[in-house]
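> structure here, sequence nowhere to be found:
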């Protein structure tokens, strides 16, 4: 009996000990496994605002030189980064320029400038720049809908380029500096709105929206941190952000931490801090593993080339959600290399369309399952020069044995409509094709009906009927030989051929 | 005791300095201070960096220097601040008494010095000139209270009216005066929490300086003695006399000399005065916009409380030891300990 009692007491003591251990572990935000290493090109001045694009291939950051801040760019080389270079005189033509944010394709940046050569609306303003033939140019002020007379800085552009989060100390906020959001509508930016759910009467700064377009990191000196500015993380839940969580030690310290950015589909993050032991001022650090990973996304990479000469092409890339028919990203391939980079969120189907003046556009469908774990798909795109008989496969969809257009087809047909509006001197022939299954006559009729359905829709969109010819070829002109599923899928198609 | 010695030493060290600054020197020194302040402001403005892409209020200091900044955890400078402040004065009064004949135990000697504790309170506003330099304007209601008590002796005659003998007394006074003050002050941060201040404090008297004098007979053995003059200390009638007076004059009250009524001159106190104020403080952040300020300041007065005047000390006249006494350099310095609540205006 006495032994049983002792054993019970021992078990109770063990249970209490285990409970306490667990509670302590849950409340503990220090991660001993996180390794913090300084960026190899930190200078004796301030180095901050790292922003990585092209799936981790390039990084832009801000470097202080003398009393001026400048945007710098570096490329991954081997295990490290190449020697940083200035982003050019058009961008860096102000008293203070920096805090840049780049779209995932590495072709468009938004940055902050104080007393920039291009006039602004008051104090520090937001500007954009495009990469054209390897040079950063076309500097634009984001306009009065975004910029104010107050301090507007620290932009973070979503990977798809459609949304910009930034910081302002304008009147009407929660106090100090607050995070605002603006969205692209065509070529304009909407009026900046205060982001709900994360701003406080303290300073919120340095937002960084991750590749999943949901996870946001930002800095704040709100109470409850580890000292100075700390990194917090929050996730978009519906239309609002969740309650921010302190990312904890060792990323946060008693010093200031700013600009936390996660590298897409990796365990790596970069941030800036003025903690002791650096090269001087603010320094950039790498943190591995990233304790707050964003959701995995599918990364798309490829090269756009001329289908005839095989030369790389700079082309506009429009990514469309096939279900909602909304453009979710407008990106661009590099003028010199033709390379493009895009990130696609899980659980949706997209079309990616490459367009370029004097070329026939080209579209591909990309399905990203909800179970996407984060991998890269290589997809090269060949554009046909706009010439007689130049063709492209149209991304249109029909139910089996039906000729009614499915809704997913409409974004592509809208592009055909735009293409014809931009090229008034051409006509097109819409050609329907089927696979080798079924009767010849039936297939001929079905392919003709499908071509006619496309024509009818285009006419309703304002295209002159006489500019569109149709033809149904049934199974007489297969794209590829073979009778397997893959071959048949390629052969079931609608093509558009240019008639000049 | 140690504290007393320290205060006493400071008083002695500063007293001659204050003398040299009187009159024209005071004006010159004030002008010099104002010029210094203006130069400092201009210099700071020249070096204050403008905003940048990270900091809406500019980068005033390097990371190392920023650790010295007053508002812990908040790197940019403080643009504007208001505060309330209250504390206690330790007041130190001193006055020079020069005599034609030394009388070491005269009751008038009680007016050589005095000390006391009294409260003050007020408001301040502060405009930052840079990350570590700010200019403050303080508006205070400053009460000054000081007193002194000494053992003294005057000549008395015995009941036969023939024998002059010493009559031990206690002479004491309590003085109170209130000032409304305005103090432009420069504040400089030495570190993250510590700062020093330097300013000029202009004080304007509110009401009157009231001095309550009390003369008490302390030796019961001399119950049958009487004073040579009628200080209202007639044997057997009174053992204490007192008066309340709002003019600067000597300590012994008017008396009936027999041959006539004798009284000393009555001098008006100065209605305003100027002090140099130096201090040091410690800031404790309560929130991002509020801090507790603990400060110690020394108010070193340039101005005298009243002009000099001369009276005849008759406390030893029956033994033919009357003396002319000149009262001058009536100075009141204060050591202030204060607790402030400062609010940063964003």
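Ah, there it is. What you are looking at is a predicted structure, and each value in this text was computed from that prediction instead of being measured. Residues are numbered from 1 along each chain as shown, chains lettered A, B, ... in the order given.

> how near is residue A:211 to residue A:264?
4 Å (Cβ to Cβ, to the nearest Å). From N, CA and C alone the C-beta is placed, and that goes for glycine too.

> identify the contacts common to these two.
Listed as contacting both residue A:211 and residue A:264 by Cβ atoms under 8 Å, 6 or more residues apart in numbering or on different chains are A:104, A:159, A:294, A:297, A:299, A:343.

> just give me the closest of the residues you listed to residue B:188.
Proximity of the shared contacts of residue A:211 and residue A:264 to residue B:188 was ranked by Cβ to Cβ; the top entry is residue A:294 with 46.4 Å.

> and residue A:211 and residue A:264? Which one has more around it.
residue A:211 (26 against 23; other Cβ atoms under 10 Å in any protein chain shown).

> helix, strand, or coil at that one?
coil (DSSP: H, G, I helix; E, B strand; the rest coil).

> correct me if wrong: it contacts residue A:103.
No. Using Cβ atoms under 8 Å as the test, residue A:211 is too far from residue A:103 to be in contact (10.9 Å).

> all strands of the stretch 151-300 of chain B, in order?
Taking DSSP state E, counting those that start in this stretch as the test, the strands found in the stretch 151-300 of chain B are B:164-189, B:194-217, B:226-227, B:240-245, B:255-256, B:261-262, B:272-285, B:290-301.

> where in the stretch 201-346 of chain B is pLDDT low?
Where the stretch 201-346 of chain B drops to pLDDT under 70, the residues are B:220-238, B:256-260, B:287-289, B:346.

> try it again at 80.
For the stretch 201-346 of chain B, applying pLDDT under 80 flags the ranges B:219-239, B:254-263, B:285-290, B:318, B:344-346.

> same check, this time on the stretch 1-150 of chain B
Along the stretch 1-150 of chain B, the parts satisfying pLDDT under 80 run over B:1-50, B:58-80, B:128-132.

> next one: the stretch 151-300 of chain A
A:227.

> try it again at 90.
By pLDDT under 90, the low-scoring segments of the stretch 151-300 of chain A are A:159-162, A:175-176, A:184-187, A:223-228, A:237-240, A:253-255, A:274-278, A:280-281.

> sorry, back to before: I'd like the shared contacts of residue A:211 and residue A:264 as CSV, with secondary structure, distance to chain B and neighbour count appended.
Below are these laid out as CSV (DSSP: H, G, I helix; E, B strand; the rest coil; distance: Cβ to the nearest Cβ, whole Å; neighbours: other Cβ atoms under 10 Å in any protein chain shown):
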residue, secondary structure, distance to chain B, neighbour count
A:104, coil, 22, 26
A:159, coil, 22, 27
A:294, coil, 24, 23
A:297, coil, 28, 25
A:299, strand, 29, 22
A:343, strand, 26, 28
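
> out of these, flag the one nearest to residue A:490.
Nearest member of the shared contacts of residue A:211 and residue A:264 to residue A:490, counting by Cβ to Cβ, is residue A:299, at 24.7 Å.

> the closest one and residue A:375 touch, don't they?
Yes. The criterion here is Cβ under 8 Å, and residue A:299 meets it with residue A:375 at 7.4 Å.

> tell me, what's touching these two both at once?
With Cβ under 8 Å, 6+ apart, residue A:299 and residue A:375 have common neighbours residue A:265.

> which parts of chain A sit against chain B?
Within chain A, the positions lying close to chain B (Cβ under 8 Å from any Cβ of the partner chain) are A:46, A:48-49, A:62, A:67, A:69, A:95-99, A:111-114, A:123-124, A:150-151, A:153-154, A:169, A:175-177, A:201-202, A:205, A:221, A:223, A:227-228, A:255-256, A:258, A:274, A:280-282.

> which of those residues fall in helices?
Among the residues of chain A next to chain B, no residue falls in helices (DSSP state H).

> how about the residue most central in space within chain A: what's its closest non-neighbour residue?
For chain A, the residue sitting closest to the mean C-alpha position, by Cα atoms, centre = their mean, is residue A:159 at 1.8 Å. Distance criterion Cβ to Cβ, 6 or more residues apart in numbering or on different chains; nearest residue to residue A:159, sequence neighbours excluded, is residue A:104 at 4.1 Å.

> what does residue B:272 give?
Closest to residue B:272 by Cβ to Cβ, 6+ apart is residue B:204, at 4.8 Å.

> I'd say that neighbour and residue B:178 touch.
No. In this structure residue B:204 lies outside contact range of residue B:178 using Cβ under 8 Å: 9.9 Å.

> name the residues contacting each of the two.
Counting by Cβ under 8 Å, 6+ apart, nothing touches both residue B:204 and residue B:178.

> between these two, who's got more neighbours?
A count of neighbours by other Cβ under 10 Å puts residue B:178 above the other of residue B:204 and residue B:178, at 19 against 13.

> partners of that one in the sheet?
residue B:143, residue B:206 (DSSP bridges).

> thought it was touching residue B:205?
Yes. Residue B:178 sits in contact with residue B:205 when judged by Cβ under 8 Å, with a separation of 7.3 Å.

> ok, back up a step: quick check: neighbours shared by residue A:211 and residue A:103?
residue A:159.

> name the element residue A:447 belongs to?
Using DSSP states H and E, residue A:447 falls within helix A:440-460.

> next one: that helix to chain centre, how far?
The chain centroid and the centroid of helix A:440-460 are separated by 37 Å under Cα atoms, centre = their mean, to the nearest Å.

> list the buried ones in that helix?
Across helix A:440-460, burial judged by 16 or more other Cβ atoms under 10 Å in any protein chain shown covers A:443-455, A:457-458.

> just the closest of the residues you listed to residue B:337, please.
residue A:457 (86.0 Å).

> chain neighbours aside, what residue packs nearest to the closest one?
Nearest one to residue A:457, counting by Cβ to Cβ, 6+ apart, is residue A:413 at 5.2 Å.

> tell me the SS of that neighbour?
Classification of residue A:413 using three-state DSSP returns helix.

> pLDDT score assigned to it?
The model reports residue A:413 with a pLDDT of 93.
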